[in-house]
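Peer 1: How does the following fold in three dimensions:
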Amino acid sequence: MTTTTLAVLVPLLPFLGAVAGLLLGRTVPGLVRPLAVLPTLAALVIAVLVAARHGGGADIESATELTPTGSIPIELALHIDGFAALVAVLVGVVASCVQIYSTGYLRDDPRYPSYAALVSLFTSAMLLVVYSGDLMVLLVGWEIMGICSYFLVGHYWETPEARAASLKAFLVTKLGDVPFLIGLFALAVDTGSFRITTVLATVAGGGLDHPTLIALLLLAGVAGKSAQFPLHTWLPDAMAGPTPVSALIHAATMVAAGVYFVARLLPVFAVSAAAMVVLAVMAAVTMAGSALAALAQDDIKRVLAYSTIGQLGYLTGALAVGDRGAAVFHLLSHGAFKALLFLGAGVIIHAAGTNSLAAMSRMKGLRDRVPDAFWTMTVALLALAAIPPFSGFFSKEAVLGAAEHAATGHSETAPTAAGWIVLVAGLLTALLTAAYATRLWLLAFNGRGPEAPDHGRQPVAMTAVLWVLAVPSLAFGLTVGVLPKWFDGHSLTPTLTTSVLGTGFALVGGLVTYGAWRHTTALAERHPMGAVAADTGAGADGGLVEAEAIATHAPAYGDVAAAHDPADPGRLLLGPLHRHAAVGFHLDAVYAALFVRPVQAAARLVRFLDREVVETYVRGAGTAPRWLGAAVRRAQTGNVQTYLSALLAGTVVLAVAAVLVATVGA
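Peer 2: The predicted structure is shown next:
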């Protein structure tokens, strides 16, 4: 079988599994899990074969015209380079782990068949984005992911939080997709093609007429899809969906799509120095702001959500300094340890028996109860904090090294300003990342909250997946010497300066947080603030109980817990900034004031004008003939004498009028 045929099967198999799951899931329940897991696993195996055949060598190209358009053709095209081959393997690994994990996490959920089918469709759409060689076909996968996220985030639609979160995710990402679509059309007009290789060849030849405008339009879509400032606010709220969905969205699909798109079309953005600086500023604000917000969150999944936003900021920062190899390296590394963190959080939720206990202020005694989650999440948090020799150290240092390279004026594509912006923000974020990673570890596994109910051992399908993902989280950095031949050939080996600075900042962040925790713990022991009553919530299934808990604890879900851990070091470290960081620096309130309320006021004005002005004319147009008809109806008495008298009177009136007119005329 040719490599092209194998590559076509990679997105096709999960799609067929999704269709079969939707058609047969209700009628043949025994097929639901095989249809969820096996097509995705098969796609992973084939993606590995495609990557092996590519071997970091020549790109794999194939295309056929989809339909004649009369102008710019749309083609079913494959374009598989080293980036695409490895990202497809990442998508397959994470999606397979999520599907296997979900068989235990959502084993009793009545909507599991539709959930599993949507996850397969989600996976298929991302693989289409990864392998597509035509921008319009890529857009199809891009939009399918948007609608899948709407349904999956709103899986627990009985709860107002899930409904609001799914709608917010859909609308915010669509807000970015509108300029993104315009940018795609403008790019096609300038280059004469939607084919990615043709676009890149035209750009290399200097054939792009409006580079800055096109780049900025495309960046709007990337900001929405990859949750970058200012369109990042949907991602923390998306935690209202099932935890495995969070792992899928954050690690390998949806949010990775925007970064991957920029990496694939980086020469388009590199033509405009202004666009690169804008991208650097966007990355810097996203990195630092989200890290501060993560340090103030109480819900474990919202900590991880803001962490994802910050790590995506590192990826866009690497792209802003012109090094897509470093960006995709960190994308692969981050995909492994972030999937592990979310799935580990799901094990904690499952063990505690209620999502309210995903609030770290309510956790106690989980270290011994969920040892698999404890050890694997420890590995993942060390990778997140970029502590050597874990994978996050090598990939994050590749980003910082690229930023230093640009800041010192050695980059041929990135402005020096972009390099300094990314380097400074990256080092600050390294300190904050280690701080919130340490805080999460301390509060989740060494917390002083109320004792949670014990629901027994977790399903093997859930715990086994954690150990599978722990391997790349620990050892993926060893590929640092092999990956350059798959990318652009640039070295990804950590440099001495950024390694020392980055690791030093991370160690300072971790040690200061640990010291603050010890201090606040001692204070809490000397001045106890009282026990917080735990909401025990019965049930063995994490998914069902998660939905019930979100509904029960709606006021506190996704926000600062009403009862906080007095030993929380985040409050001490952030001081008065804590209450602002806990609500995402009030960006939702700002957007409500700038956009939501004016639109609502305009809607009320339109409703008033419609009811009081337009409808008044409409009612008047109906009332006047009705009154005239009533008057005429009164004259219809049926008396002949009355009719003759009226006729005679009318004749006399007309005669008198004629005489008067004649007299005046004379």
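
Peer 1: show me where pLDDT drops low in the chain?
Peer 2: Residues of the chain that meet the criterion pLDDT under 70 lie in 353-357, 365, 448-456, 527-566, 666.

Peer 1: again, only using 50
Peer 2: Of all residues in the chain, those with pLDDT under 50 make up the ranges 356-357, 530-542, 545, 547-563.

Peer 1: quick one: residue 301 and residue 344 touch, right?
Peer 2: No - in this structure residue 301 lies outside contact range of residue 344 using C-beta atoms under 8 Å: 10.9 Å. Placement of C-beta: from N, CA and C, glycine included.

Peer 1: Specify which residue of the two has the higher count of neighbours.
Peer 2: Summary of the neighbour comparison: residue 301 and residue 344, criterion other C-beta atoms under 10 Å, with residue 344 having more neighbours (32 against 27).

Peer 1: and the residue lying closest to that one once chain neighbours are set aside, what does it touch?
Peer 2: In space, residue 344 comes closest to residue 377 once its chain neighbours are excluded; the distance is 4.0 Å by C-beta to C-beta, 6 or more residues apart in numbering. By C-beta atoms under 8 Å, 6 or more residues apart in numbering, the residues touching residue 377 are 340, 341, 344, 345, 441, 444, 466.

Peer 1: so who does the second one touch?
Peer 2: It stands for residue 341. Each residue near residue 341 by C-beta under 8 Å, 6+ apart is listed here: 304, 307, 377, 380, 381, 384.

Peer 1: and the last one, how many neighbours?
Peer 2: One way to gauge burial is a neighbour count; for residue 384, by other C-beta under 10 Å, it gives 30.

Peer 1: Leaving out sequence neighbours, find the closest residue to it.
Peer 2: If the residues on either side of it in the chain are set aside, residue 384 comes closest to residue 437, at 5.0 Å by C-beta to C-beta, 6+ apart.

Peer 1: Pull the number of nearby residues for that neighbour.
Peer 2: Going by other C-beta under 10 Å, the residues that sit close to residue 437 add up to 29.

Peer 1: I'd assumed residue 510 was in contact with it.
Peer 2: Yes - counting by C-beta under 8 Å, residue 437 does reach residue 510; the two are 7.3 Å apart.

Peer 1: where do the helices sit along the stretch 201-350 of the chain?
Peer 2: Counting by DSSP state H, counting those that start in this stretch, one finds helices in the stretch 201-350 of the chain at the ranges 211-225, 234-237, 243-251, 255-264, 266-270, 273-294, 300-320, 324-352.

Peer 1: In terms of helices and strands, where is residue 382?
Peer 2: Take DSSP states H and E as the rule and residue 382 turns out to sit in helix 371-384.

Peer 1: Next, the angle helix 324-352 makes with that helix.
Peer 2: Direction vectors for helix 371-384 and helix 324-352, defined by axes from the mean of the first three to the mean of the last three C-alpha atoms, to 10 degrees, enclose an angle of 150 degrees.

Peer 1: I'd like to know which elements the very next helix or strand once past helix 371-384 is packed against.
Peer 2: Remark: after helix 371-384, the chain's next helix or strand is helix 391-407, criterion DSSP H and E. The elements that helix 391-407 packs onto, with contact taken as 3 or more C-beta pairs under 8 Å, 6 or more residues apart in numbering; DSSP states H and E, are helix 300-320, helix 324-352, helix 371-384, helix 416-446, helix 460-475, helix 496-526.

Peer 1: Helix 391-407: which residues count as buried?
Peer 2: When neighbours are counted by 16 or more other C-beta atoms under 10 Å, the buried residues of helix 391-407 are found to be 391-407.

Peer 1: Between the helices of the stretch 201-350 of the chain, which one is closest to residue 184.
Peer 2: Between residue 184 and the helices of the stretch 201-350 of the chain, the shortest separation by C-beta to C-beta is 7.3 Å, and it involves helix 211-225.

Peer 1: now the closest one: how far from the chain's centre is it?
Peer 2: 16 Å (C-alpha atoms, centre = their mean, to the nearest Å).

Peer 1: Output that helix as PDB - backbone C-alpha positions only.
Peer 2: The C-alpha coordinates for helix 211-225 follow below in PDB (Å, rounded to 0.1, in the frame of the first residue of the first chain):
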ATOM      1  CA  PRO A 211       1.500  40.700   3.900                       C
ATOM      2  CA  THR A 212       0.700  42.600   7.000                       C
ATOM      3  CA  LEU A 213      -3.100  42.800   6.400                       C
ATOM      4  CA  ILE A 214      -3.200  39.000   5.600                       C
ATOM      5  CA  ALA A 215      -1.100  38.100   8.600                       C
ATOM      6  CA  LEU A 216      -3.100  40.100  11.000                       C
ATOM      7  CA  LEU A 217      -6.400  38.700   9.700                       C
ATOM      8  CA  LEU A 218      -5.100  35.100  10.000                       C
ATOM      9  CA  LEU A 219      -3.800  35.800  13.500                       C
ATOM     10  CA  ALA A 220      -7.300  36.700  14.700                       C
ATOM     11  CA  GLY A 221      -8.400  33.200  13.900                       C
ATOM     12  CA  VAL A 222      -5.300  31.700  15.500                       C
ATOM     13  CA  ALA A 223      -6.000  33.700  18.700                       C
ATOM     14  CA  GLY A 224      -9.500  32.400  18.900                       C
ATOM     15  CA  LYS A 225      -8.700  28.700  18.100                       C
END
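
Peer 1: tell me what it is packed against?
Peer 2: Contacts of helix 211-225 with other secondary structure elements, assessed using 3+ C-beta pairs under 8 Å, 6+ apart, are made with helix 135-153, helix 160-191, helix 255-264, helix 266-270, helix 273-294.

Peer 1: Let me know which of these is tucked in deepest.
Peer 2: Highest mean neighbour count among the helices and strands packed on helix 211-225 (mean count of other C-beta atoms under 10 Å): helix 255-264, with a mean of 26.

Peer 1: For residue 308, grab the count of nearby residues.
Peer 2: Neighbour count for residue 308, taken as other C-beta under 10 Å: 27.

Peer 1: for residue 605, that is, sorry about that
Peer 2: Here the neighbour count serves as a burial measure; for residue 605 (other C-beta under 10 Å) it reads 10.

Peer 1: So what does residue 488 have for phi and psi?
Peer 2: The main-chain torsion angles of residue 488 are listed as degrees, to the nearest 10 and equal phi -100, psi 0.
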